[in-house]
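Chemist: give me coordinates for this.
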Amino acid sequence: MGTGKALGGILSDKFGAGIVGVSSTLLCIPMIIIGRNSTVLSCMGVMLFSMTMGITFGMALDALKDNPGIAFGITTIGLFFGTLVTVFYRPRLTMACILVAVLSVICSAILFMTLKMK
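Modeler: Numbers count the residues shown, from 1 in each chain. Sure thing, here's the model as predicted:
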């Protein structure tokens, strides 16, 4: 969703990447889990989740200032490997909800610690 990526960039410029990245990742958890029966909630959850993509790309671009193409490629490879798991493993709904929650909390913690170091 392009809306989430754009909104994430705008809000992180205004409030800071750490606050926006961590809060949007944590807020997406209930919306994605509860939203399995509601298209609106599910779309809002995906939008919140995609808000972090601009932030992680910005971090990669910051680290690789002279190589913006590589920075984009690294974030794209991360997305590829993240979705590759679903090709080989299709968890039941309960396990999928648990995985979404646990992995989102782990990602939030890593994002918080990484941005705090800057």
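Chemist: in which helix or strand would I find residue 110?
Modeler: Using DSSP states H and E, residue 110 maps to helix 93-116.
Chemist: residues contacting that helix, please?
Modeler: For helix 93-116, contacts defined as C-beta atoms under 8 Å, 6 or more residues apart in numbering pick out 17-18, 21-22, 25-26, 28-29, 32-33, 36, 49, 52, 55-56, 59, 91. (Glycine included, C-beta is placed from N, CA and C.)
Chemist: report pLDDT for the residue of the chain positioned farthest from its centre.
Modeler: Centroid-distance maximum for the chain: residue 66 at 24.6 Å, with C-alpha atoms, centre = their mean. If you check residue 66, the pLDDT there is 91.
Chemist: quick one: it from residue 72, how far?
Modeler: For residue 66, the distance to residue 72 equals 13 Å [C-beta to C-beta, to the nearest Å].
Chemist: do the same with residue 2
Modeler: 16 Å.
Chemist: mind checking which of these two has more residues around it?
Modeler: residue 72 (14 against 9; other C-beta atoms under 10 Å).
Chemist: what helices or strands is the helix or strand that that one is a member of leaning on?
Modeler: Element membership for residue 72, per DSSP H and E: helix 68-88. Applying 3 or more C-beta pairs under 8 Å, 6 or more residues apart in numbering; DSSP states H and E, we find helix 68-88 packed against helix 39-63.
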